[in-house]
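Enquirer: need a structure here:
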Amino acid sequence: MGSDELLQEVRAFCRDAHLAESTFGRLAVNDGKLMSRLRAGSGITSETLQRLRTFMAEHRAARGGAVVGGAVPPPQEQIGRSSMAVAAQQTQEIEPEREFRFFDNRQKYLLFVNTCAEKQVVASRVSQELDNIHPQPPAVRVFDAGVGDGTVLTRVMRSMHTRFPTMPFYIVGKEISLEDVRLALEKMPDRFYEHPETVLILTNMYYAEAPWLTARDPVAAHNMVWHEVALRGDSSHEFEEQISDLQPFLDANWTAHSSPKTGNPVYDRPVVLVVYRDDRRFVLDATLPKRGNLRADYDLVIASQPYRARASTAFKAKRVVAPLARAIGPGGRLIGIHSWGHDPGLEIIQKVWPGENPFVTDRHALLKEVKQELGGAGRDLTFKANSDAKSVFRYHMHAMPGEVSGAIGTSTLFAAWNAAVYVAQVEDERLSEAQKGDAYIKATDEVLKKYGGLWFNDESYVISRRRD
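Expert: Numbers count the residues shown, from 1 in each chain. Below you'll find the model as predicted:
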């Protein structure tokens, strides 16, 4: 099949199914940029083509429509799904607006990351906790509850090397997005060069599973993909080449579909990717994870923006923070960070949507709920909300000196607006309506001139476990 023919077929499917093309790519093959790559002339493998055709066929069959192109969906085992319901049932039950997941909006995400300093400031705040942990042999153990593009994790790893230059590192990162896993791995060759005694583990499992690298569902556990890569050589260039060679493995296995209940991505099969240097295998023997003999007693747990701001306090506590708190080891700490509001960014939002406040849970309410959720399991944990002076910190949008003192350029205004709606997690449907006029641009311009720039506030909290 030619790329033009495939593009036409997918466009027709998305139009009939009322799906955005980026949503189609994410649901079908966990790649929201698939269509843009095809338009740019990129090719796809026969396996990816089959997965696209299978997804469209099952979706149409579920809606009572014709099977696209006469393709017959293969058995579920052939498309790598475990004990989940078939894709046809899932897509039939999901309402379009519930399919939307804010942090999967790649364009807004990448623009925000490159125009605002949150990642750097968060990494600095997380690194402060390294002075308060008490690692025990065989390694410094870190869990990142949302690797994203890897910017925070790699910066923290640099700080770890400075603080613990001779200790082995055992680092586990949770990330379900294929694109983010690729971006994070691209940043790792220098880390393996500077700190050779590093074991990096990436997984797509849930918060209640990832710290232990163990799937709860027996069928999912049986179908787990466990892949170890022992990097050869001793240079960043050699490591980069071997890490780049992992892309076909990631394409085939780092797949997901959308939950019929929440619209959030759910893995097709649990995956554990273990990467380390082959020339350090002997030294790292006690550090390397071994299936069937795993533990989750981390010295540091990083939970930066791990949940949607508008989610209920009970959901955040039960589904995210409490499982992570259980994974803290003796003398270990969890550092949690989320948006706080009370900043110029929120002021822009409220000029467009009066009374809007997406930040429904502060650290005090969250920690109270987590403590209640843990019950007796939290007896040896300490919950620290601290004062605003200690917990709240600020990060800015990058701007050239004097750029917002006079007439503000269009690109700066759009970057500021994007940052404001990204942090406030405004859905595309409401954005489209607001952007039909120019009130949003005027609001952004007024706030930038009022404050001479744009910044946002995050708040942090700490959960620590007593030492044995």
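
Enquirer: domains of the protein?
Expert: 3-93, 120-341+358-386 (automatic domain parsing).

Enquirer: For the closest residue to residue 321 other than its chain neighbours, identify the helix or strand it belongs to.
Expert: Leaving aside its sequence neighbours, residue 321 sits nearest to residue 370 (CB to CB, 6 or more residues apart in numbering; 4.8 Å). (Each C-beta comes from the backbone N, C-alpha and C, glycine too.) Using DSSP states H and E, residue 370 sits in helix 363-374.

Enquirer: Now do that helix: distance to the chain's middle.
Expert: Relative to its parent chain, helix 363-374 has a centroid offset of 23 Å by CA atoms, centre = their mean, to the nearest Å.

Enquirer: Name the residues of it that come out as buried.
Expert: 363, 366, 367, 369, 370, 371, 373, 374 (16 or more other CB atoms under 10 Å).

Enquirer: Tell me which stretches of the stretch 101-250 of the chain form helices.
Expert: Secondary structure of the stretch 101-250 of the chain (DSSP state H, counting those that start in this stretch): helices at 106-115, 118-127, 151-163, 178-186, 189-194, 218-222, 236-244, 247-253.

Enquirer: who does the fifth one touch, helix- and strand-wise?
Expert: Here helix 189-194 touches helix 151-163, strand 198-203, helix 236-244, strand 271-277, going by 3 or more CB pairs under 8 Å, 6 or more residues apart in numbering; DSSP states H and E.

Enquirer: Enumerate every residue touching the spatially most central residue of the chain.
Expert: In the chain, the residue lying closest to the centroid (CA atoms, centre = their mean) is residue 148, at 4.0 Å. By CB atoms under 8 Å, 6 or more residues apart in numbering, the contact list for residue 148 reads 175, 177, 180, 183, 184.

Enquirer: ok, and the most crowded of the residues you listed?
Expert: residue 177 (26 neighbours; other CB atoms under 10 Å).

Enquirer: Relative to residue 307, how far out is that residue?
Expert: Per CB to CB, to the nearest Å, residue 177 is found 15 Å from residue 307.

Enquirer: before we move on, back to that, can you list the buried residues of helix 363-374 in JSON lines and add distance to residue 424 and pLDDT?
Expert: Formatted as JSON lines, the buried residues of helix 363-374 follow (distance: CB to CB, whole Å; pLDDT from 0 to 100):
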{"residue": "363", "distance to residue 424": "18", "pLDDT": "97"}
{"residue": "366", "distance to residue 424": "18", "pLDDT": "97"}
{"residue": "367", "distance to residue 424": "23", "pLDDT": "98"}
{"residue": "369", "distance to residue 424": "22", "pLDDT": "97"}
{"residue": "370", "distance to residue 424": "24", "pLDDT": "98"}
{"residue": "371", "distance to residue 424": "28", "pLDDT": "97"}
{"residue": "373", "distance to residue 424": "27", "pLDDT": "96"}
{"residue": "374", "distance to residue 424": "30", "pLDDT": "96"}
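
Enquirer: need those residues in TSV with distance to residue 299, can you?
Expert: As requested, the buried residues of helix 363-374 are exported to TSV (distance: CB to CB, whole Å):
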residue	distance to residue 299
363	22
366	22
367	20
369	25
370	20
371	22
373	23
374	19
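
Enquirer: of the residues you listed, closest to residue 393?
Expert: residue 363 (12.4 Å; CB to CB).

Enquirer: Quick check: that closest one touching residue 385?
Expert: Yes. Using CB atoms under 8 Å, residue 363 is in contact with residue 385, at 4.8 Å.

Enquirer: so what's in contact with the two at the same time?
Expert: Overlap of the contact sets of residue 363 and residue 385 (by CB under 8 Å, 6+ apart) consists of 391, 461.

Enquirer: returning to that earlier point: so for residue 54, which of the helices of the stretch 101-250 of the chain sits nearest?
Expert: helix 247-253 (14.3 Å).

Enquirer: what residues does the closest one touch?
Expert: For helix 247-253, contacts defined as CB under 8 Å, 6+ apart pick out 29, 45, 47-48, 80, 178, 181-182, 225, 227, 269, 271, 273.

Enquirer: what's downstream of it, the next helix or strand?
Expert: strand 256-258.

Enquirer: average model confidence for the helix or strand that that next one is followed by?
Expert: Next helix or strand after strand 256-258 toward the C-terminus (DSSP H and E): strand 265-267. Regarding strand 265-267, the rounded mean pLDDT is 87.

Enquirer: Any regions of the chain where pLDDT drops low?
Expert: Residues of the chain meeting the criterion pLDDT under 70: 1-3, 18, 61-105, 260-263, 400-407.

Enquirer: if we can go back for a sec, ok, of the contacts of helix 247-253, which come out buried?
Expert: Buried by 16+ other CB under 10 Å: 29, 48, 178, 181, 182, 225, 269, 271, 273, out of these.

Enquirer: and the last one, what is it in contact with?
Expert: Going by CB under 8 Å, 6+ apart, residue 273 touches 201, 202, 203, 227, 229, 246, 249.

Enquirer: Name the residues linked to the first one by a beta bridge.
Expert: Going back to what we said before, that points to residue 201. residue 172, residue 274 (DSSP bridges).

Enquirer: ok, the nearest residue to residue 123 once chain neighbours are set aside - how many residues close by?
Expert: Spatial nearest neighbour of residue 123, chain neighbours left out: residue 155 (3.5 Å); criterion: CB to CB, 6+ apart. Look at residue 155: counted by other CB under 10 Å, it has 18 neighbours.
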